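Chemist: No letters, just coordinates:
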């Protein structure tokens, strides 16, 4: 696909041939577009290298302190940490306040400071031999960097905040002394799915000026939702293992799903803004996903009976699974492919290549995964793929017919 500068150059050449644009103006516009495109590429490269440098610096500081732990006094350790923390944020603020042309470098310094904060918590805990409490540490880290993400409009710190929230949820659930303690892989899976739903709805409420933060939140939401739906496709396998059976409080997993659903409802009117009619289809898919998650969670804690064992998806092996777990797995398979197709359609209609590529890759991954998951009976697996292929061919034919009808209607109106 041609870049914006190349597309603009072709358009201006056509306009110049028709006498709509003067040659001098067309050359200036083409040069400006090329310059902006080069600038954007360098800024992106600088941002990536800056964040990598910040991460490597944080790791280096931790390793140096650990290697010389006995030879560095407690006061020197704390003073050095405060100097590093204040120096990183101070230098970044100086760059921003003085208008220096290094915004990505300033973001990298803020990212370094936000990462150093959690290292400082561990440092203080080690110095004063405080009892280890990972949930509290993650919560303090989240509370400390959340205002920075809001005030600085920093995508990098926003990403760290999402990571801190995700870690806090999982550490809190794993803490045996917590009143909301849970165990079992299904419960932890619901935490990621609920958080992904909340991020998906929350990013749509941000302003256009915060599009970079929206991209971070949308990317994190897609990652969590794809991770959750993908693993939910194996529910029939891990739900019946003794070490993965969910027990304990349902406050966190159910609460995460409820809050995630509320976030989607609040941001519903801004989802898929380029193609509004696809919004209803996405909402239906999300409702089906939440329903499947709740059913899976209730089956995992034996609130809903698992049902008798069946061998429908045995495929030449000796394994037998409860009918309830098989149905949840099958629902997750269907949702995975429907989400992939939705991404392809949305990306094609909104002319966003990244969504098309993501949807195609997800669809291919689903086919390969299901083949490996169900392998054993080639005839049964082949039948499943033949039916799936026929459905795809029918969908492609219907979409092409719909596209031709829309184009003909537009030409008739003009």
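Modeler: On my side now, so go ahead. Everything numeric here is computed off the predicted structure, so don't read it as measured data.
Chemist: for the helix or strand harbouring residue 213, packing partners?
Modeler: Element membership for residue 213 (DSSP states H and E) is helix 211-232. For helix 211-232, the packing partners by 3 or more C-beta pairs under 8 Å, 6 or more residues apart in numbering; DSSP states H and E come out as helix 155-174, helix 185-203, helix 277-300, helix 323-350, helix 353-374. Where C-beta positions appear, they are placed from N, C-alpha and C, glycine not excepted.
Chemist: quick one: which of these has the weakest pLDDT on average?
Modeler: The stretch with the lowest mean pLDDT among the helices and strands packed on helix 211-232 is helix 353-374, at a mean of 81.
Chemist: can you give me the mean pLDDT across stretch 110-130?
Modeler: Mean per-residue pLDDT for stretch 110-130: 75.
Chemist: quick revisit: most tightly packed of the helices and strands packed on helix 211-232?
Modeler: Ranked by mean neighbour count, those are led by helix 185-203 with a mean of 24 (mean count of other C-beta atoms under 10 Å).
Chemist: got CSV for the helices and strands packed on helix 211-232, with distance to residue 114 too?
Modeler: Output for the helices and strands packed on helix 211-232, formatted as CSV (distance: least, C-beta to C-beta, whole Å):
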stretch, distance to residue 114
helix 155-174, 5
helix 185-203, 19
helix 277-300, 31
helix 323-350, 31
helix 353-374, 27
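Chemist: what sits against the spatially most central residue of the chain?
Modeler: Per C-alpha atoms, centre = their mean, the C-alpha nearest to the average position across the chain is that of residue 220, at 2.1 Å. The neighbours of residue 220, taking C-beta atoms under 8 Å, 6 or more residues apart in numbering as the test, are 159, 162, 196, 199.
Chemist: The residues you listed: which two are farthest apart?
Modeler: 159 and 196 (14.3 Å; C-beta to C-beta).
Chemist: nearest spatial neighbour of residue 166, skipping sequence neighbours?
Modeler: The spatial neighbour of residue 166 that comes closest, neighbours along the chain excluded (C-beta to C-beta, 6 or more residues apart in numbering), is residue 195 at 6.2 Å.
Chemist: Tell me the spacing between residue 94 and residue 322.
Modeler: Going from residue 94 to residue 322 by C-beta to C-beta, to the nearest Å gives 62 Å.
Chemist: Of those two, which one has the most company?
Modeler: Comparing residue 94 with residue 322 by other C-beta atoms under 10 Å, the one with more neighbours is residue 322, at 18 against 12.
Chemist: tally of neighbours for the residue lying closest to residue 333 once chain neighbours are set aside?
Modeler: Of all residues not flanking residue 333 in the chain, residue 233 sits nearest, at 5.2 Å (C-beta to C-beta, 6+ apart). For residue 233, the count of nearby residues is 21 (other C-beta under 10 Å).
Chemist: Surely residue 233 touches residue 331?
Modeler: No: contact criterion C-beta atoms under 8 Å: residue 233 and residue 331 do not qualify, at 9.0 Å.
Chemist: how about the helix holding residue 213: buried residues?
Modeler: For helix 211-232, the neighbour count (16 or more other C-beta atoms under 10 Å) marks 212-214, 216-222, 224-226, 228-232 as buried.
Chemist: buried ones in whichever helix or strand comes after that helix?
Modeler: Next helix or strand after helix 211-232 toward the C-terminus (DSSP H and E): helix 235-238. In terms of neighbour count (16+ other C-beta under 10 Å), helix 235-238 has its buried residues at 235-236, 238.
Chemist: residue contacts, the residue nearest to residue 333?
Modeler: With contacts defined as C-beta under 8 Å, 6+ apart, the neighbours of residue 233 are 329, 332-333, 336, 369-370, 373.
Chemist: The closest residue to residue 251 other than its chain neighbours: neighbouring residues, count only.
Modeler: Leaving aside its chain neighbours, residue 251 sits nearest to residue 180 (4.6 Å; criterion: C-beta to C-beta, 6+ apart). Using other C-beta under 10 Å, residue 180 is surrounded by 15 other residues.
Chemist: who touches residue 180 in this structure?
Modeler: Residue 180 touches 172-173, 249, 251-252, counting by C-beta under 8 Å, 6+ apart.
Chemist: List just the nearest of those residues to residue 185.
Modeler: residue 173 (11.4 Å).
Chemist: Pull up the gap between that closest one and residue 370, please.
Modeler: 30 Å.
Chemist: how deep is residue 105 tucked in, by neighbour count?
Modeler: 18.
Chemist: Please state the backbone phi and psi of it?
Modeler: Here is the backbone geometry of residue 105 (degrees, to the nearest 10): phi -70, psi -40.
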